[in-house]
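> attaching a predicted model along with its sequence, questions to come.
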Amino acid sequence: MSPPHYHAPDGGLPPQSQLLTSRAVFTEAYAVIPGNSMTDIVVSRLPHWQGARFWVLARPMSGFSETFSQYIGEVVPGGGSDRPETDDGAEAAIFVVQGQVTIQVGEDTYSLGPGGFAFIPAGMQWRLNNTAEQIAKFHWIRKKYVAVEGIAGPQPIIANEADITPGPMPDTEGRWATTRFMDPEDLSHDMHVTIVTLQPGAVIPFMETHVMEHGLYVLQGKGVYKLNQDWVEVEAGDFMWLRAFCPQACYAGGPEPFRYLLYKDVNRHMPL
């Protein structure tokens, strides 16, 4: 089996000859941000980061993402931050798609390459720097942690996709599988980050309709999603946001696996 591929944006600008037609969609139920939307003119700079820029894929706002924000970060050699997070209540999930980063969580330091994952609990000090010789790119998911009386907060997680055995969905013969970075039985977590893999021709054969909100970044391959009442084609580099209860299903197309990084909020009562 070939090693997994992780798409990362290159930035730049489209030529003046490019058509304005795009697959970008923004609705009340879902949004699609195509990979070619991630150009140099839409990057953000963040406080206390050096040699870094960010594409913001989702942020809490009325009628859009309600529970999380998600960025793709690009850090040049020698860049990074000793104070990446300015909100003590925010937890973080980092997933590296290109290059190498050094991340310090508390007193411990780790080197993460492609497929590397780190979960940092809210209130824990952390640092991220690029000490290698090539540009590093990573996803950064931020969520305000929802504490529950009587349940201790989560612990840090350092992992790599390559070291985790995907769990197949029942009755799919492994054609649809999920790589889980958090233990689904651990109620200290109020969010899950996973990688979903659909082999060519595999399908999610029913319209999922559920309370969890999704952020979904296509890492590899292409597929066709049914979102609400629309059919939407997506490919590596595209991002989707799905509102709670947005009907959703898909099938994988093309010659390679269709793989995506998935966020969802879990394990908490609905705020009243």
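Yep, that arrived.
> residues in contact with the helix or strand encompassing Thr178?
The secondary structure element spanning Thr178 is strand 176-180 (assigned by DSSP states H and E). Residues outside strand 176-180 that contact it (CB atoms under 8 Å, 6 or more residues apart in numbering): 161, 164, 166-169, 192, 194-199, 202-204. No exception for glycine: its C-beta is placed from N, CA and C like everyone else's.
> now, which of these lie within strands?
For those, membership in strands holds for 167-168, 192, 194-198, 203-204, with DSSP state E as the criterion.
> just the buried ones from those residues?
Burial by neighbour count, judged by 16 or more other CB atoms under 10 Å, picks out 192, 194-198, 204 from the ones in strands among the contacts of strand 176-180.
> may I ask which two of the residues you listed are separated the most?
Checking those against each other with CB to CB, the farthest-apart pair comes out as His192 and Leu198, at 18.0 Å.
> sheet partners, orientation included, of the strand holding Thr178?
Taking DSSP bridges as the criterion, strand 176-180 forms sheet pairs with strand 167-168 (antiparallel), strand 191-198 (antiparallel).
> just the C-alphas of the longest one, formatted as CSV.
What follows is the C-alpha trace of strand 191-198 in CSV, where atoms were taken according to Å, rounded to 0.1, in the frame of the first residue of the first chain:
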residue,chain,number,x,y,z
MET,A,191,-14.2,17.4,20.3
HIS,A,192,-12.9,14.6,18.1
VAL,A,193,-10.4,14.9,15.2
THR,A,194,-10.2,11.9,12.9
ILE,A,195,-9.2,11.0,9.4
VAL,A,196,-11.8,9.3,7.3
THR,A,197,-10.7,7.1,4.4
LEU,A,198,-12.9,5.9,1.6
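> which stretch among the strands paired with strand 176-180 comes nearest Thr67?
Evaluated over the strands paired with strand 176-180, closeness to Thr67 peaks at strand 191-198, with 7.6 Å, by CB to CB.
> quick one on the thing from earlier: need the strands paired with strand 176-180 in TSV with distance to Gly223 and mean pLDDT, can you?
Listed next are these as TSV, based on distance: least, CB to CB, whole Å; pLDDT from 0 to 100:
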stretch	distance to Gly223	mean pLDDT
strand 167-168	18	96
strand 191-198	7	98
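> kind regards, and thank you for your time.
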